[in-house]
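K.L.:
what's the 3D shape of this:
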Amino acid sequence: MINLPIRVVLGLGGLLFIIQAAWMPAKAQLGQHLLERNWQQIQAGNIPGSPWPGADIQPVAQLEVPSLDISQLVVNGQQGNNLAWAPGLVSAGLPGKSDTVISAHRDSHFRFLRNLHTGDQLQLTTSNENFTYKVVSMEIIDSNLSQLELSSDDQRLILTTCYPFDALQTGGPLRYVVTAVAI
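P.N.:
Presented below is the predicted three-dimensional model:
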(Lines give C-alpha, C1' and ligand atoms only; values in the text may rest on other atoms or scores of the structure.)
Protein backbone atom coordinates (compact mmCIF):
# COMPACT_ATOMS: atom_id res chain seq x y z
CA MET A 1 0.00 0.00 0.00
CA ILE A 2 1.36 3.41 -0.95
CA ASN A 3 1.24 5.93 1.85
CA LEU A 4 -0.37 9.36 1.41
CA PRO A 5 2.81 11.49 0.88
CA ILE A 6 4.00 9.24 -1.95
CA ARG A 7 0.54 9.40 -3.57
CA VAL A 8 0.65 13.19 -3.37
CA VAL A 9 4.13 13.33 -4.92
CA LEU A 10 3.15 10.93 -7.71
CA GLY A 11 -0.08 12.85 -8.32
CA LEU A 12 1.75 16.18 -8.49
CA GLY A 13 4.35 14.68 -10.81
CA GLY A 14 1.62 13.43 -13.13
CA LEU A 15 -0.07 16.81 -13.07
CA LEU A 16 3.20 18.52 -14.03
CA PHE A 17 3.59 16.19 -17.02
CA ILE A 18 0.06 17.04 -18.17
CA ILE A 19 0.68 20.78 -17.80
CA GLN A 20 3.96 20.53 -19.69
CA ALA A 21 2.31 18.60 -22.53
CA ALA A 22 -0.47 21.20 -22.83
CA TRP A 23 1.82 24.24 -22.57
CA MET A 24 3.35 24.16 -26.08
CA PRO A 25 0.04 24.02 -28.01
CA ALA A 26 -1.47 26.65 -25.70
CA LYS A 27 1.54 28.92 -26.17
CA ALA A 28 1.33 28.45 -29.93
CA GLN A 29 -2.32 29.53 -30.00
CA LEU A 30 -1.71 32.47 -27.67
CA GLY A 31 1.21 33.63 -29.83
CA GLN A 32 -0.91 33.63 -32.98
CA HIS A 33 -3.61 35.66 -31.23
CA LEU A 34 -1.14 38.26 -29.94
CA LEU A 35 0.71 38.50 -33.26
CA GLU A 36 -2.59 39.07 -35.10
CA ARG A 37 -2.89 42.61 -33.72
CA ASN A 38 0.59 43.44 -35.01
CA TRP A 39 -0.16 41.91 -38.41
CA GLN A 40 -3.27 44.06 -38.78
CA GLN A 41 -1.19 47.16 -38.05
CA ILE A 42 1.47 46.10 -40.58
CA GLN A 43 -1.22 45.47 -43.23
CA ALA A 44 -2.59 48.95 -42.55
CA GLY A 45 0.88 50.44 -43.18
CA ASN A 46 1.58 51.29 -39.54
CA ILE A 47 4.66 50.44 -37.51
CA PRO A 48 3.40 48.20 -34.72
CA GLY A 49 4.66 48.04 -31.19
CA SER A 50 5.68 44.84 -29.48
CA PRO A 51 3.04 42.05 -29.64
CA TRP A 52 3.49 41.57 -25.86
CA PRO A 53 5.82 43.05 -23.24
CA GLY A 54 9.38 41.90 -23.83
CA ALA A 55 8.67 40.28 -27.22
CA ASP A 56 11.41 40.65 -29.80
CA ILE A 57 9.48 39.20 -32.74
CA GLN A 58 7.10 40.61 -35.32
CA PRO A 59 4.99 38.87 -37.94
CA VAL A 60 6.56 39.06 -41.41
CA ALA A 61 4.02 37.02 -43.39
CA GLN A 62 0.80 35.07 -43.21
CA LEU A 63 0.63 31.45 -44.40
CA GLU A 64 -2.76 30.09 -45.42
CA VAL A 65 -3.93 26.65 -46.51
CA PRO A 66 -7.50 27.16 -47.76
CA SER A 67 -8.29 23.44 -48.15
CA LEU A 68 -7.53 22.84 -44.45
CA ASP A 69 -8.85 26.19 -43.15
CA ILE A 70 -5.38 27.04 -41.79
CA SER A 71 -4.13 30.58 -41.30
CA GLN A 72 -0.92 31.26 -39.39
CA LEU A 73 1.29 34.25 -38.93
CA VAL A 74 4.98 33.73 -39.61
CA VAL A 75 7.86 35.41 -37.75
CA ASN A 76 11.44 35.94 -38.90
CA GLY A 77 14.00 33.29 -37.94
CA GLN A 78 13.90 29.74 -36.62
CA GLN A 79 15.32 30.22 -33.14
CA GLY A 80 13.62 28.06 -30.52
CA ASN A 81 11.96 31.05 -28.88
CA ASN A 82 10.45 32.16 -32.18
CA LEU A 83 9.14 28.72 -33.10
CA ALA A 84 7.39 28.41 -29.76
CA TRP A 85 5.11 31.27 -30.84
CA ALA A 86 4.81 30.90 -34.61
CA PRO A 87 6.30 29.33 -37.73
CA GLY A 88 9.66 30.88 -38.59
CA LEU A 89 10.79 32.26 -41.93
CA VAL A 90 14.21 30.69 -42.35
CA SER A 91 15.33 32.10 -45.67
CA ALA A 92 13.82 34.24 -48.30
CA GLY A 93 15.56 36.38 -50.84
CA LEU A 94 12.23 37.60 -52.11
CA PRO A 95 9.14 35.48 -51.42
CA GLY A 96 7.51 34.61 -54.72
CA LYS A 97 10.74 35.44 -56.57
CA SER A 98 13.16 32.95 -54.95
CA ASP A 99 13.05 29.94 -52.65
CA THR A 100 11.34 30.65 -49.33
CA VAL A 101 11.68 28.28 -46.37
CA ILE A 102 9.39 28.24 -43.35
CA SER A 103 9.91 25.90 -40.39
CA ALA A 104 7.71 25.12 -37.40
CA HIS A 105 7.20 22.53 -34.68
CA ARG A 106 5.52 19.27 -35.75
CA ASP A 107 3.31 19.17 -32.67
CA SER A 108 1.90 22.69 -32.91
CA HIS A 109 1.90 25.00 -35.95
CA PHE A 110 2.92 22.44 -38.57
CA ARG A 111 0.85 19.55 -37.27
CA PHE A 112 -1.37 20.10 -40.33
CA LEU A 113 1.43 19.16 -42.77
CA ARG A 114 0.50 15.49 -42.43
CA ASN A 115 -2.88 16.34 -44.02
CA LEU A 116 -1.53 18.17 -47.07
CA HIS A 117 -1.84 16.56 -50.49
CA THR A 118 -0.13 17.09 -53.81
CA GLY A 119 -2.04 19.83 -55.63
CA ASP A 120 -3.18 21.68 -52.47
CA GLN A 121 -2.74 25.43 -52.66
CA LEU A 122 -0.80 27.54 -50.16
CA GLN A 123 -0.97 31.30 -49.91
CA LEU A 124 1.80 33.47 -48.52
CA THR A 125 1.04 37.12 -47.83
CA THR A 126 3.79 39.58 -46.98
CA SER A 127 3.27 43.20 -45.99
CA ASN A 128 2.84 44.20 -49.62
CA GLU A 129 2.36 41.11 -51.82
CA ASN A 130 0.34 37.89 -52.09
CA PHE A 131 1.74 34.67 -53.53
CA THR A 132 -0.02 31.42 -54.39
CA TYR A 133 1.77 28.07 -54.49
CA LYS A 134 0.79 24.52 -55.40
CA VAL A 135 2.15 21.57 -53.40
CA VAL A 136 4.21 19.35 -55.70
CA SER A 137 5.97 17.01 -53.27
CA MET A 138 6.21 15.78 -49.70
CA GLU A 139 9.26 13.84 -48.59
CA ILE A 140 11.11 12.67 -45.52
CA ILE A 141 14.81 13.48 -45.44
CA ASP A 142 17.59 12.71 -42.97
CA SER A 143 19.20 16.03 -42.08
CA ASN A 144 22.45 14.18 -41.28
CA LEU A 145 22.70 12.95 -44.86
CA SER A 146 21.31 15.77 -46.99
CA GLN A 147 20.54 19.47 -46.95
CA LEU A 148 17.91 21.54 -48.70
CA GLU A 149 19.09 22.82 -52.06
CA LEU A 150 17.92 26.42 -52.33
CA SER A 151 17.96 28.61 -55.40
CA SER A 152 17.56 32.33 -55.86
CA ASP A 153 16.07 31.63 -59.30
CA ASP A 154 13.29 29.26 -58.23
CA GLN A 155 9.93 30.29 -56.87
CA ARG A 156 9.32 27.55 -54.33
CA LEU A 157 7.80 27.61 -50.87
CA ILE A 158 9.36 24.93 -48.70
CA LEU A 159 7.78 23.97 -45.38
CA THR A 160 9.86 21.89 -42.96
CA THR A 161 9.22 20.22 -39.63
CA CYS A 162 10.62 17.39 -37.56
CA TYR A 163 9.46 13.85 -38.30
CA PRO A 164 7.81 11.55 -37.32
CA PHE A 165 4.80 13.59 -36.28
CA ASP A 166 3.99 11.36 -33.30
CA ALA A 167 7.55 10.86 -32.01
CA LEU A 168 7.86 10.80 -28.25
CA GLN A 169 11.30 12.40 -28.29
CA THR A 170 12.29 15.62 -30.01
CA GLY A 171 15.40 16.51 -31.93
CA GLY A 172 15.82 13.54 -34.27
CA PRO A 173 17.47 13.94 -37.68
CA LEU A 174 14.39 13.25 -39.83
CA ARG A 175 12.56 16.15 -41.46
CA TYR A 176 9.23 16.27 -43.27
CA VAL A 177 9.62 18.60 -46.24
CA VAL A 178 6.74 19.97 -48.30
CA THR A 179 7.67 21.68 -51.55
CA ALA A 180 5.28 23.96 -53.39
CA VAL A 181 5.84 25.95 -56.57
CA ALA A 182 4.53 29.41 -57.40
CA ILE A 183 1.51 29.52 -59.69
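K.L.:
For this structure, just list every one of the helices.
P.N.:
4-43, 80-85 (DSSP state H).
K.L.:
Point out the most buried one among the ones you listed.
P.N.:
Scoring these by mean neighbour count under mean count of other C-beta atoms under 10 Å gives helix 80-85 as the most buried, with a mean of 17. Glycine gets a C-beta too; all of them are placed from N, C-alpha and C.
K.L.:
who does that helix touch, helix- and strand-wise?
P.N.:
helix 4-43, strand 70-76 (3 or more C-beta pairs under 8 Å, 6 or more residues apart in numbering; DSSP states H and E).
K.L.:
what residues does that helix touch?
P.N.:
With C-beta atoms under 8 Å, 6 or more residues apart in numbering as the test, helix 80-85 has contacts from 24, 27-28, 30-32, 34-35, 57, 75-76, 88, 103-105, 109.
K.L.:
The same query, at a cut-off of 6 Å, please.
P.N.:
Helix 80-85 is contacted from outside by Lys27, Gly31, Ile57, Val75, Gly88, His105, using C-beta atoms under 6 Å, 6 or more residues apart in numbering.
K.L.:
so how far is that helix off the chain centroid?
P.N.:
Distance of helix 80-85 from the chain centroid (C-alpha atoms, centre = their mean, to the nearest Å) equals 9 Å.
K.L.:
Stretch 77-88 too?
P.N.:
7 Å.
K.L.:
can you check stretch 88-108 too?
P.N.:
Remark: stretch 88-108 is offset 9 Å from the chain centroid, using C-alpha atoms, centre = their mean.
K.L.:
Flag every buried residue along that stretch.
P.N.:
For stretch 88-108, burial by neighbour count (16 or more other C-beta atoms under 10 Å) applies to 88-90, 92, 95-96, 98-108.
K.L.:
Among those residues, name the ones in strands.
P.N.:
Within the buried residues of stretch 88-108, membership in strands is found for Gly88, Leu89, Val90, Ala92, Thr100, Val101, Ile102, Ser103, as judged by DSSP state E.
K.L.:
Go through those and name the one nearest Glu139.
P.N.:
Closest approach between these and Glu139, by C-beta to C-beta: Val101, at 14.4 Å.
K.L.:
Show me what that closest one is bridged to.
P.N.:
Taking DSSP bridges as the rule, Val101 bridges to Ser91, Ile158.
K.L.:
which stretches of this protein have low pLDDT?
P.N.:
1-4, 17, 19-24, 80, 91-94, 152 (pLDDT under 70).
K.L.:
Stretch 149-158: which residues count as buried?
P.N.:
Going by 16+ other C-beta under 10 Å, stretch 149-158 has these buried residues: Leu150, Gln155, Arg156, Leu157, Ile158.
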